[in-house]
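In: Compute the structure for the input listed below.
(2 chains)
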Amino acid sequence: MDRAWLELPGFRGLLLRLGLLTTLQAGAVMLQALGLAAAVATLFHGGTGAEAALGLALFGGGWCVRHTLIWLERRTADRFAERTAEALRVRLTETFFHMGPVAAAREGSGRLVTLAMDGIDRVRVYLELAIPRVIGMAVGTTLLIAAVAWLDAVSALILAVSLPVLIAFFILMGLAARRQADRQWQSHRLLAHHFTDALRGLRTLRELGRSRAHGRTVEAVSEQHRGATMRLLRVAFLSSFTLDFFSMLAVAFVAVGLGLRLIDGAIGLERALAVLVLAPEVFVPVRMLGTDYHASLDGKEAWADARRILDERRRPGGGASDQDGRPGVPLSDEREGETPASASPVGADACGVRARSPIRPFVVPPARVDRGVLPDLPSLHDVGVDGEDGPRLTGIRAELPPQALRIGIVGASGSGKSTLLDVLSGFVRPDRGELRLDGRTPGISEVESWQRRIAYIPQQPYLFARTLADNVRFYAPEAQDEEVRAAIEAANLGPLLRQLPDGLEARIGEGGRALSGGQAQRVALARALVGGRSTVLLDEPTAHLDIETEWELKATILQALHGKRMFIATHRLHWMADMDWVWVMERGRLVEAGTPAQLLERRGRYYSMLTNREEEGRDDIHIDRQAR
Amino acid sequence: MTFTSTGRRGSGRAASQTRAARRGSTAKLALAALLGLGALLCAAALLYTSGHLISSSALRPENVLMVYVPIVLVRTFGFGKAVMQYLERLAGHSAALRVLSSLRGRLYRLVEPLAARPRSRVRTGDMLGLMAEDIERVQQLLLRFALPALIAAAAYTVGIAAIGRLDPGFAVFMACYAGYLLLGAPALALLGGRERRRRARQARRRAYTELTDAVFGMQDWMLSGRTREWLARFAEQRRHAAALEGGLRRRAWRMHWLSQCLSGVAIILLSLWAGGLAQQGAIGPTWIAAIALAGMPLLEALIRSGDATARVTDDAAALRRLRDTELEGERLAADDARSAAEAAAADAALAGHEVDGHAAGHPCELRLERVCYRYPGETGDTLRDLELHAPPGKRIAVLGRSGAGKSTLLSLLQGELAPTAGRALLGGHPLWAGADSQAHCAVLGQQPHLFDTTLAANIRIGRPEADDAAVMRAVRLAGLEPLVESLPMGLRTRVLEGGRRFSGGERQRIALARVILLDRPIVLLDEPAVGLDPRTEQALLRTLLQALEGRTLIWVTHHLTGMEAMDEIVFIDEGAITLRGTHRQLLQSSAHYRRLYRLDRPAAG
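Out: Sure thing, here's the model as predicted:
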């Protein structure tokens, strides 16, 4: 019995229905036993088949009714479990969005997907099995013993006494097995994992020339594992052995007792037979509980895990892991009114113009001209963000000159570059201070509409398991093919597009055509161009690429994002020469800001980063000395 | 775990051992089935003798001793059933685990030669992890399906035979009747739900992809402002999938219900038949109850095996996947054998050449002469006319875009692939010697696997016999000393699964220590610093170049850091070398190179 059941909607009704079905089942079992006993007794006393027909019909009817009731019970429990699990699944996925991408990544994105799919399936199995079993145990067993008592008190006594003994032994044996398993857990885990480990490391083994020799170890360890498992199972199976053994013993006792009293004439054959048929039925619920208990354990765990995630999000402001997880996008908010395209001042035609003059690689982008002042100028006011181990951002105060369109954020890894981008994008709401847009503090719905005016290009952009076109028009699904094509050309994906036999309709992402890192970046870039988003955030877009691809991609990005405001967080300093404004981050603080030329002139940290790149290992000391 | 070698044995002996193991496990499985049948018969006999006992007692015998034998039998059967069932489960698991052991060994031997080959299905660790899971599923298949089915078939045979002794006509009838439970119901369960199962699987896969897209692409979903649209669609999809899956479950229960009702009717028929026999005087009236009761557990066994069939399809898919992997392994082994013969012929021809002045050179001299490589079934060459010469100690950097052929080049140098044209030579002999080739070089890859064992065992993995001093020296050279000293258990610290305990840079250093300890004259580096932050990258590369001083180095890299220390820099594009020279030469002669260099060193330009 799980306390959490009581909170499930509709649980009381289910309890009532299942209780009723279990009671009826006990009645049917009784009917079936009495019928069979009557028929056999009639036949035994030399009656004809016709005379026994009533008894047999009773038996057959009881049998069929019983199995119909079992069927109904399963359906009832299943419908309830399915409804509960599906509702839980939907709530859980909603919660994922409430958590936001940063908190979700911390929980482990893959783990969350597995929990919401396989985990919730197991929760369904758990509810479907556990609830009827507990009721069967509580109601069914009692009723059946009462039925036996009505027929024969002595037999009922034997059963009633053996039942707790049996349960006690069952639990004892289970505990013994658990203790042994705990003792051997470490070595057992190692043995069990060995083969997977060997396979995952097979390439490494092969490269070290050890893979052949390791093959013999694999089989030897597998055999060791078998030995260890069998030792464990010898104890583990004892618990179900006790169930079997004691129930059999009890039935045998009942049978012998009945036999002896029959000889005395203390009981009639028909009644004795009925008791004999009923006796094993008394143990059916407890045995089913024993079998299904283990089958549903992992479902119970998954349920607890899901509830933990739901609870953490529900609690306002509580818990350390909640800090980054405050709703980035409140789902309850109304937002049907506006369309993303109309919210943006930079029209889609900007892409169209560029498409007609596709850029060539190795061409430095043209000088930046005709800079109008874009709205949505973000500024940060004493922003602080806490992480699990200390603050990630502290006292960030940053304003930009209105005409600054290309903003570079530089710093060593762990200096807070990415967190700064997360604050700018609204994925993380600061714990202290605030983000302002054009000097105003945005409300929740304004943050939301701000999010629909920005695009985000991470180091490894996610490609959806859809067509190339759908990936590109992800932010603006209503975009026409021409606009998509224009964006693809602007992102210099044209050569790829022409290679694809299905063109725009070619599937990419999981299960589709594999793209290289550079191509994936270009898809993300094209995505940012469709729908006229005015601001683009880039998080380390090129560092992991080979240097030639990096060079080409840089040219494309600068060209394609011309006229938009871009923030780029990177440790690749070559970007900075093309920036209008540079923020230098150091251990969660903004230590320098200005145009690249100004910063060079200052001969501060930016300057030392640029000139001492190869000495980065010793940078810390260097910079600290300079700071003092 | 034990990574130490257990000594070399002939492969023929290993094969015969596998066969023996398979025979052993078949025997064990049969034993388990027998025990299961025994348990079942005990259960039947228990009810049978109790029915008989009660009926005999009802005749009011003069003496209790008249029913003494049945009394003892009742107890014996009760005890016997519990014991046999216990033994059956043990024997079944033991047999299944034995099958798993030999399956693991066999699959390992098959995929082992493919692991480092580009474009092989089993190259990635994840793919192989899936295979390990598939093997576990074989256990389920054996225990949940094969064993109950065997027992049910045996129970069926015994039951029908028992009836047949008394009344052959009725036996034929019951054989057909119970035959539905044994074969008909499972067949219906398998065939009938096929289309529905396929649709349910499809719906499930779609929901999985959908959710993966949502969680991994969450940033884009939020920015697109379409989260609610997604949630609504997902809920709708789940409703659809849940309806399909629920339909399948309810279908299985309907079938179960039908089987149960049929078995109830069977018991009625058995009682009527026994009553008829008793009237004819063929059996004593005391056996009527016995026969009716004994039928129950036997019929139950048939139903149980039928229920198991419906759940078997997923496990069967795992079995199919394993079979596919096995076939690929066998096909590639055959390919290798063919190429090996060709290579041997080429080598023989080469041996002839050597006489006329073509010196074999130093045994560690690497030379690629007009090497081409084309993957089977492709129309274009992945590598074209590659010339590379590396006398001992030379350091060559290889650069190129993804897909330029860098990993194919490395596989050629490792001797995993044989050139389709031209020659790849080590000390004048072909590099490639088939699947049996022993590694002549050490490789430091992008994501070296750390095994779930101690740090020391991980470093020793390439040379298990290395002594502690050698390990310590490798640790020192790899710059791991501070890390090892910071660990309370030192070198005996367990590396958790996949090396989660260590950072990316530390993992690479552990792998570097392996390579140092292995002490091979040639080291191939496959972008060992990719994905590391610049500071860690710098430090690692510094250590790496220092520690591997004096060895031949082929270094595939994505940045220009460290190029000053290279003897030759080679750019590959679409399988051919487009640019080569030393750092100084290239800086002078190539504008392209200068541009790239400025990316890495913005202050230098």
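
In: Tally up the residues packed near residue 411, please.
Out: Since you didn't name a chain, this refers to chain A. 26 (other CB atoms under 10 Å in any protein chain shown). Where you see a C-beta, it was placed from the backbone N, CA and C, and this is true even at glycine.

In: sorry, should have said chain B
Out: By other CB under 10 Å, neighbour count at residue B:411 equals 19.

In: The stretch 501-628 of chain A against chain B: which residues are in contact?
Out: Counting by CB under 8 Å from any CB of the partner chain, the residues of the stretch 501-628 of chain A close to chain B are A:509-511, A:516-518, A:527, A:543-551, A:554, A:571-574, A:576-577, A:610-611, A:613-614, A:616-617, A:619.

In: For residue B:516, what is the enclosing helix or strand?
Out: helix B:504-518 (DSSP states H and E).

In: still on that earlier bit, got a quick ChimeraX command for the buried subset of the residues of the stretch 501-628 of chain A next to chain B?
Out: A single ChimeraX command selects the buried members of those (16 or more other CB atoms under 10 Å in any protein chain shown):
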select /A:509,510,517,518,527,543,544,545,546,547,548,549,550,551,554,571,572,573,574,576,610,613,614,616,619
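
In: so where do the strands sit in chain B?
Out: Ranges of strands in chain B, per DSSP state E, are B:366-373, B:383-390, B:395-400, B:421-426, B:429-430, B:441-444, B:522-526, B:552-556, B:568-573, B:576-581.

In: Run through the residues that contact residue B:278.
Out: A:43, A:44, A:46, B:284, B:285, B:287, B:288 (CB atoms under 8 Å, 6 or more residues apart in numbering or on different chains).

In: With neighbour count added, can I get those in TSV?
Out: Shown next, in TSV, are the contacts of residue B:278 (neighbours: other CB atoms under 10 Å in any protein chain shown):
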residue	neighbour count
A:43	27
A:44	25
A:46	11
B:284	15
B:285	21
B:287	21
B:288	30
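
In: How about the contacts made by the most centrally placed residue in chain B?
Out: Nearest to the mean C-alpha position of chain B, counting by CA atoms, centre = their mean, stands residue B:131 at 2.2 Å. If you count contacts by CB under 8 Å, 6+ apart, residue B:131 has them with A:199, B:107, B:111, B:122, B:321, B:322, B:325.

In: cutoff 10 Å now
Out: Going by CB atoms under 10 Å, 6 or more residues apart in numbering or on different chains, residue B:131 touches A:195-196, A:199, B:104, B:107-108, B:111, B:121-122, B:318, B:321-322, B:325.

In: mind giving me CSV with the residues you listed and columns for neighbour count and distance to residue A:499?
Out: Compiled in CSV, those are given as follows (neighbours: other CB atoms under 10 Å in any protein chain shown; distance: CB to CB, whole Å):
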residue, neighbour count, distance to residue A:499
A:195, 26, 40
A:196, 20, 37
A:199, 28, 34
B:104, 25, 41
B:107, 23, 36
B:108, 24, 38
B:111, 25, 32
B:121, 15, 23
B:122, 24, 27
B:318, 19, 36
B:321, 15, 31
B:322, 18, 35
B:325, 21, 30
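
In: Send me stretch A:7-19 as PDB with only the CA atoms.
Out: Output of stretch A:7-19 as PDB, limited to C-alpha atoms (Å, rounded to 0.1, in the frame of the first residue of the first chain):
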ATOM      1  CA  GLU A   7      -3.900  11.500  -3.800                       C
ATOM      2  CA  LEU A   8      -4.700  10.000  -7.200                       C
ATOM      3  CA  PRO A   9      -7.900  11.400  -8.600                       C
ATOM      4  CA  GLY A  10     -10.700   8.800  -8.800                       C
ATOM      5  CA  PHE A  11      -8.800   6.400  -6.400                       C
ATOM      6  CA  ARG A  12     -11.800   6.000  -4.000                       C
ATOM      7  CA  GLY A  13     -14.100   5.000  -6.900                       C
ATOM      8  CA  LEU A  14     -11.500   2.500  -8.100                       C
ATOM      9  CA  LEU A  15     -11.200   1.100  -4.600                       C
ATOM     10  CA  LEU A  16     -14.900   0.600  -4.400                       C
ATOM     11  CA  ARG A  17     -15.200  -1.000  -7.800                       C
ATOM     12  CA  LEU A  18     -12.200  -3.300  -7.300                       C
ATOM     13  CA  GLY A  19     -13.500  -4.300  -3.800                       C
END
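
In: And for residue 490, the neighbour number?
Out: As the question left the chain open, I've gone with chain A. There are 28 residues near residue A:490, going by other CB under 10 Å.

In: nope, chain B please
Out: 14.

In: Can you tell me how far the residue nearest to it when sequence neighbours are not counted is from residue B:509?
Out: Nearest non-adjacent residue to residue B:490, counting by CB to CB, 6 or more residues apart in numbering or on different chains: residue B:484, 5.6 Å away. With the distance defined as CB to CB, to the nearest Å, residue B:484 ends up 10 Å from residue B:509.

In: ok now the biggest helix by length in chain A, how far from the chain's centre?
Out: When chain A is parsed with DSSP state H, its longest helix is helix A:49-107. Here the centre of helix A:49-107 is set off from its chain's centre by 24 Å, with CA atoms, centre = their mean, to the nearest Å.

In: quick one: average confidence on that helix?
Out: Across helix A:49-107, pLDDT averages out at 90.

In: so which helix or strand takes in the closest residue to residue A:267 other than its chain neighbours?
Out: Spatial nearest neighbour of residue A:267, chain neighbours left out: residue A:261 (4.8 Å); criterion: CB to CB, 6+ apart. Using DSSP H and E, residue A:261 maps to helix A:211-264.

In: and that helix, how far from the chain's centre?
Out: 36 Å.

In: Where does pLDDT dip in chain A?
Out: Scanning chain A with the threshold set as pLDDT under 70 gives A:1, A:314-373, A:612-628.

In: Show me the chain divided up by domain.
Out: Assuming you mean chain A. Taking automatic domain parsing as the criterion, chain A consists of the domains A:3-313, A:348-354+A:372-467+A:533-619.

In: wait, chain B
Out: According to automatic domain parsing, the ranges for chain B are B:15-319, B:361-600.

In: Now render the ones you listed as JSON lines, adding mean pLDDT.
Out: Formatted as JSON lines, the domains of chain B follow (pLDDT from 0 to 100):
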{"stretch": "domain B:15-319", "mean pLDDT": "84"}
{"stretch": "domain B:361-600", "mean pLDDT": "87"}
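
In: burial count for residue A:164?
Out: Residue A:164 - counted by other CB under 10 Å - has 9 other residues nearby.

In: any idea how far it is from chain B?
Out: 19 Å (CB to the nearest CB, to the nearest Å).

In: give me the element that residue is part of.
Out: Residue A:164 belongs to helix A:153-200, assigned by DSSP H and E.

In: Tell me the helices and strands packed up against that helix.
Out: The helices and strands touching helix A:153-200, judged by 3 or more CB pairs under 10 Å, 6 or more residues apart in numbering or on different chains; DSSP states H and E, are helix A:141-151, helix A:211-264, helix A:269-295, helix B:68-111, helix B:125-140.
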